[in-house]
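K.L.:
sharing a model prediction with you, sequence too.
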Amino acid sequence: MTVGDLYRAAAHANGGQPDAGRHLWAWAHAAGCEQVEATSSTWCYADPATRDAWGSMWADRITGSAIANQLVDSGMASREELEEIATSWRDWAAHPDGWISVLHGEILIHV
């Protein structure tokens with residue numbers, strides 16, 4: 001399983017929809033909303049400080065949070081696999097060419 005697969009599986013197991021943003025437009029229309037405005041914004045982590053903050057946060061989250069325990073307890077991942085993922089986050093954060101942009105889909109419903 002990829003990191004994304006693990007995250008989605010844990011979110012679904014908790015009753016969440018980790019990819020909700022891509023469905024917002026359709027959900028609004030399906031709910032009968034006629035005046036829907038779609039926008040987006042982004043977060044970008046490219047300099048050493050922001051890469052370190054983002055990479056460290058995910059490394060810590062994947063090894064020492066409720067999601068880590070859930071993944072191990074459910075058999076979806078081992079502690080060793082989660083440590084490998086954390087190491088990858090730290091390696092990415094330390095690399096001078098590392099960067100990530102996180103897209104946020106947003107809607108405004110006018111009623």
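P.N.:
Alright, I've got the coordinates.
K.L.:
my read is His104 is in a helix, agree?
P.N.:
No: looking at His104 with DSSP: H, G, I helix; E, B strand; the rest coil, it is strand, so not inside a helix.
K.L.:
who does it form a beta bridge with?
P.N.:
Beta bridges link His104 to Ser41, judged by DSSP bridges.
K.L.:
which residues touch it?
P.N.:
Gly21, Ser40, Ser41, Thr42, Trp43 (CB atoms under 8 Å, 6 or more residues apart in numbering). Quick note: C-beta positions are derived from backbone N, CA and C, even for glycine.
K.L.:
most neighbours of all those residues, which one?
P.N.:
Gly21 (14 neighbours; other CB atoms under 10 Å).
K.L.:
how much space between that residue and Ala38?
P.N.:
Counting by CB to CB, to the nearest Å, the gap between Gly21 and Ala38 amounts to 10 Å.
K.L.:
could you do Ala77 as well?
P.N.:
For Ala77 relative to Ala38 (CB to CB), the value is 35 Å.
K.L.:
which of the two has more neighbours?
P.N.:
Ala77 (22 against 11).
K.L.:
that one contacts Asp5, doesn't it?
P.N.:
No: Ala77 is beyond contact range of Asp5, at 9.8 Å (criterion: CB atoms under 8 Å).
K.L.:
worst-scoring helix or strand of the chain, pLDDT-wise?
P.N.:
helix 3-13 (a mean of 89; mean pLDDT, DSSP states H and E).
K.L.:
SS state for Ser101?
P.N.:
Classified using three-state DSSP, Ser101 is strand.
K.L.:
let me see the contact set for it.
P.N.:
Ser101 touches Thr42, Trp43, Cys44, Tyr45, counting by CB under 8 Å, 6+ apart.
K.L.:
save the residues you listed as JSON lines, and put in pLDDT and distance to Thr87 too.
P.N.:
Converted to JSON lines, these look like this (pLDDT from 0 to 100; distance: CB to CB, whole Å):
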{"residue": "Thr42", "pLDDT": "96", "distance to Thr87": "27"}
{"residue": "Trp43", "pLDDT": "97", "distance to Thr87": "23"}
{"residue": "Cys44", "pLDDT": "98", "distance to Thr87": "23"}
{"residue": "Tyr45", "pLDDT": "98", "distance to Thr87": "18"}
